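Engineer: sequence and predicted model, in that order:
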Amino acid sequence: MTDVTKILDGLNEQQREAVVAPAGPLLITAGAGSGKTTVLTRRIAWLIEASGISPHRIIAVTFTNKAAREMKSRVEGLLGRSSAPYQIATFHGFSNRFLRIHHEAAGLPRDFTILDQDDQKSFINRLIKDNQLNVRNKTPREIQSYINSKKEQQLRAAQASGDSDFRSQIMGPIYELYERECNIRGLVDFAEILLRTVEVMQRNQLVRNEMHERYHHILVDEFQDTNAIQIEWLKLFGSHLNYVTAVGDEDQSIYGWRGAVAKNMLSFGSIFPNTRLVRLEKNYRSTQTILSAANSVISRNRDRFEKNLWTDREGGDPISYYSAYDYRDESQFVARKIRALYAAGMPYSNMSILYRTHAQSNIFENTLSSYKIPFRIYGGVRFFSRMEIKNSLAYLRLMVDPDNNPAFQRIINEPPRGIGEITQRRVIECAQREDVSFMQAARMIVQDESEQMRIRKPLKDFVGLIDGMESDCSELTLSRIIAHVNVHSGLRAYYLSKDTEIDKPRVENLDELINAGENFIRTNMDDTTSNEVVSDGREAITPFLDSVTLDAGDTFDEAPDTLSLMTLHQAKGLEFPVVFLVGMDEKLLPHANSMTFGTPSQINSQIEEERRLCYVGMTRAQDQLYLTRASFRLSFGVLNSYRPSRFLNEIPIEYLQKAIFESDIEQSSSDTPALTFGSEEELENLPGKLVRHNKFGEGTVIDAKAEHSCTIIRINFEDVGEKQIVMEHASLEFVGN
């Protein structure tokens, strides 16, 4: 008998049950850190070594090439055979091989060409230009998203064009042209690879019989991330014998925005009757304290299998909860704690800051830089290096320096305003001939009546736009100037109108740039160590741009031992000894969009996905978890109050370390703030009183109010003007009436 000791060695009871389960439909619900990849690869090895199944008869599919390589490497290590024909690949990788073999049945040439995402977008763009199509401000990326989404719904162009919605009326005809041209040229995009495979399996009985004869066992990793067409793919390849194994965790289904269906986990049993269910609940990553808190949060979701993660790592440090006064206090707390942990021997690479949106990274980047803490933005670029931010900053640069040629070139047609390559070339030629800047050349062309109107008109509009913004902003504060530029340049509306997930965060980032401007003013006005005076207005643009340039050029994140900053979506599958989950506020986590758009049922589903995001963030932590929030955050440059996230309220208090404003947790669902300074009558008597602040000097109270367990008073100081102060945190002295 074959020795299978190595395959089963070290497995717990539930893992062993999943690995040795008899042939048939098997659903393994694998909680965070429970060893799902171990179980999946051991089951493949078990089928081959113990059950005598040929590797030729097994397909294992996952979502990334990296995951597929890892699975294949583990199987090879278990069986000691690297040359065996293991069919371990992504959905797209396997389907591509299928189409290469069955290209005739698929109606494709033998040497069909695959378009990656960039190639597909460029091809769509060329079709629009070559055919002079009226796309009504729809971008190639937006059209690309539409086409791919229709294919994922198994809708060909002829079917999609019959839809009555506005998007289909505009983009349906483009889809038809795109589909026709791809067929003529033998081009296949990523979505087409799956759709064409499904169509062949549905329509060609001979091919389907061949596949059923050849492949008996199908195994799927990360099953919670499957979309509609992948489920159809699985049915077609696996339902003849129902020897299908799926591993996943509906509690970590966080990609609903790109088509993943969390309920696929719950529906598995109805698709494949007589399914055996195995729950992997032992966690090998986190302490029991972290797991118990995470279990408490995720248990509020209704659409899930009941499971309760546990670990041999009993106890563990309490979860540290810090409720900051404002966003700066929050970032400084995190930076101080990181520096203290590093001083105690914790490498920066063992720590991570997780947040809901890309825009949240801005304040942490600034604070970490000031504390000389090396960091990197995982899976992304730093805030001031992002395309939309650089576009907005270019408008500011051109306002204060019209002769700035790089800024001119960057935004002359951003967003698109009909100034194409011919017009831009005319401007450059004029500038070189007359030895002037591009803006001066544009003005000269506008005044040249011999020039064609199709050249002059868009240039005249652009020059007028820059001149108008410069005039409109003469009396505005810096944050309002940035807001004005974002709106009147058309950037904000441009990104807002685009219907793709990649562009939605750009709007949030533009809004965060307004906050960055306000924070720059607040920081410099509060900086008593500097002799420079920074005014809040047009004169602040240049020093703000200087600080941005220096920040963007910072090289802290080049060090080998670096702290990781990332969104919760990017954190899935990773783990760190220490995790800071920041921004635990309503409108951030859960995100405002999840509570705003859709029917009550859709909103509930969206909130559940936000809760899964919170769960994913919490379960990234191995040893220590810090949860932070802020009572006040900048929004459009204005300091607004934020309520604690409802998810904080779902964590039992015994798992949280005593922290400032701990009562916020208990009051997160209440609209009535608690008074922490006297009675309402005492608050009403504060306006008009004279006070002395240890930093700002003397001033007069304008008004006072209770906000989320603290008393906010607005004071007009004689030297520095108006300030908002938290009475409980300030060193204030009443000096009379």
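Structural biologist: Ah, there it is.
Engineer: name the residues of stretch 303-315 that are buried.
Structural biologist: Arg304, Lys307, Leu309, Trp310, Thr311, Arg313 (16 or more other CB atoms under 10 Å). Where C-beta positions appear, they are placed from N, C-alpha and C, glycine not excepted.
Engineer: which pair in those residues spans the largest distance?
Structural biologist: Greatest spatial distance among the buried residues of stretch 303-315 (CB to CB): Arg304 and Arg313, at 23.9 Å.
Engineer: now do Ile389 against Tyr395, distance only.
Structural biologist: Using CB to CB, to the nearest Å, Ile389 is found at 11 Å from Tyr395.
Engineer: what segments of the stretch 601-737 of the chain are strands?
Structural biologist: Assigned by DSSP state E, counting those that start in this stretch, the strands in the stretch 601-737 of the chain fall at 621-635, 638-641, 656-657, 690-693, 697-707, 710-717, 721-726, 732-736.
Engineer: so how many other residues sit close to the residue lying closest to Ile725 once chain neighbours are set aside?
Structural biologist: The shortest distance from Ile725 to any non-neighbouring residue, by CB to CB, 6 or more residues apart in numbering, is to Ile713 (5.4 Å). Here the count is done by other CB atoms under 10 Å, and Ile713 has 23 residues near it.
Engineer: run through the bridge partners of Ile713.
Structural biologist: Ala704, Ile725 (DSSP bridges).
Engineer: does it touch Gly699 like I think?
Structural biologist: No. Ile713 lies out of contact with Gly699 (CB atoms under 8 Å); the separation is 9.9 Å.
Engineer: for the protein, name the helix or strand with the lowest mean pLDDT.
Structural biologist: Using mean pLDDT, DSSP states H and E, helix 663-667 stands out as the lowest-scoring helix or strand of the chain, at a mean of 39.
Engineer: ok, residues contacting stretch 145-158?
Structural biologist: When contacts are defined by CB atoms under 8 Å, 6 or more residues apart in numbering, stretch 145-158 is touched by residues 124, 160, 167-168, 171-172, 174-176, 178-180, 189-192, 194-195, 198, 227-229, 232, 259, 499-501.
Engineer: now Pro406. Nearest residue, chain neighbours left out?
Structural biologist: Here the residue nearest Pro406, using CB to CB, 6+ apart, is Ala394, at 7.7 Å.
Engineer: ok, Phe520 next?
Structural biologist: Distance criterion CB to CB, 6+ apart; nearest residue to Phe520, sequence neighbours excluded, is Phe544 at 5.1 Å.
Engineer: and for Thr542?
Structural biologist: Computed as CB to CB, 6+ apart, the closest residue to Thr542 that is not its neighbour in sequence is Val400, at 5.8 Å.
Engineer: check what pLDDT that neighbour gets.
Structural biologist: pLDDT, Val400: 84.
Engineer: buried sites along the lengthiest helix in the chain?
Structural biologist: Determined from DSSP state H, the single longest helix within the chain is helix 504-526. By 16+ other CB under 10 Å, the buried positions in helix 504-526 come out as 505-522, 524-525.
Engineer: also stretch 368-377?
Structural biologist: Residues Leu368, Ser369, Tyr371, Ile373, Pro374, Phe375, Arg376, Ile377 are the ones in stretch 368-377 that count as buried (16+ other CB under 10 Å).
Engineer: sort those by pLDDT and name the bottom one.
Structural biologist: Among the buried residues of stretch 368-377, Ile377 has the lowest pLDDT, at 86.
Engineer: show me where the stretch 551-700 of the chain has helices.
Structural biologist: With DSSP state H, counting those that start in this stretch as the criterion, the stretch 551-700 of the chain has helices at 568-571, 600-618, 663-667, 680-684.
Engineer: which of the ones you listed has the lowest average pLDDT?
Structural biologist: Least confident of those, judged by mean pLDDT, is helix 663-667 with a mean of 39.
Engineer: of the buried residues of stretch 303-315, which belong to strands?
Structural biologist: Using DSSP state E to define strands, no part of these is located there.
Engineer: and those residues as JSON lines, adding distance to Ser349?
Structural biologist: Converted to JSON lines, these look like this (distance: CB to CB, whole Å):
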{"residue": "Arg304", "distance to Ser349": "33"}
{"residue": "Lys307", "distance to Ser349": "31"}
{"residue": "Leu309", "distance to Ser349": "26"}
{"residue": "Trp310", "distance to Ser349": "28"}
{"residue": "Thr311", "distance to Ser349": "23"}
{"residue": "Arg313", "distance to Ser349": "21"}
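Engineer: and those, which is closest to Phe438?
Structural biologist: Using CB to CB, the buried residues of stretch 303-315 come closest to Phe438 at Arg304, 57.7 Å.
Engineer: was I right to think that closest one contacts Asp249?
Structural biologist: No. Applying CB under 8 Å, one finds Arg304 not in contact with Asp249, separated by 9.1 Å.
Engineer: tell me who's in contact with Ile28.
Structural biologist: Ala18, Lys36, Val39, Leu40, Thr245, Ala246, Val247, Gly248, Val278, Arg279, Leu280.
Engineer: whoops, Leu280 was the one
Structural biologist: Leu280 neighbours (CB under 8 Å, 6+ apart): Gln14, Gln15, Ala18, Ile28, Thr29, Ala30, Gly31, Ser34, Gly35, Lys36, Val39.
Engineer: so how many other residues sit close to the first one?
Structural biologist: Just to be clear, that refers to Gln14. Residue crowding around Gln14 was assessed by other CB under 10 Å; the count is 18.
Engineer: find the nearest non-adjacent residue to it, please.
Structural biologist: Spatial nearest neighbour of Gln14, chain neighbours left out: Leu280 (5.3 Å); criterion: CB to CB, 6+ apart.
Engineer: quick check: buried residues in the helix or strand that Gln14 is a member of?
Structural biologist: Per DSSP states H and E, Gln14 falls inside helix 13-20. Neighbour counts over helix 13-20 (16+ other CB under 10 Å) mark Gln14, Gln15, Arg16, Glu17, Ala18, Val19, Val20 as buried.
Engineer: ok, so of these, who is nearest Gly573?
Structural biologist: Gln15 (18.7 Å).
Engineer: and that closest one, how close does it get to Thr367?
Structural biologist: 43 Å.
Engineer: if I look at Val188, how far off is Gln224?
Structural biologist: Relative to Gln224, and taking CB to CB, Val188 is found at 27 Å.
Engineer: list the contacts for Lys307?
Structural biologist: Shown in contact with Lys307 (CB under 8 Å, 6+ apart): Thr29, Gly31, Asp251, Arg279, Glu281.
Engineer: closest one to Val487 out of those residues, please.
Structural biologist: Nearest member of the contacts of Lys307 to Val487, counting by CB to CB, is Asp251, at 40.3 Å.
Engineer: what about the closest one, distance to Asn134?
Structural biologist: Distance from Asp251 to Asn134, by CB to CB: 46 Å.
Engineer: of those two, who's got more company?
Structural biologist: Asp251 (29 against 11).
Engineer: name the nearest residue to the more buried one, sequence neighbours excluded.
Structural biologist: In this structure, Asp251 finds its nearest non-sequential neighbour in Ile298, 5.0 Å apart by CB to CB, 6+ apart.
Engineer: so what's the residue count around the one you found?
Structural biologist: Neighbours around Ile298, by other CB under 10 Å: 27.
Engineer: for it, report the pLDDT, please.
Structural biologist: What the model reports for Ile298 is a pLDDT of 93.
Engineer: surely it meets Glu609?
Structural biologist: No. Counting by CB under 8 Å, Ile298 does not reach Glu609; the two are 11.6 Å apart.
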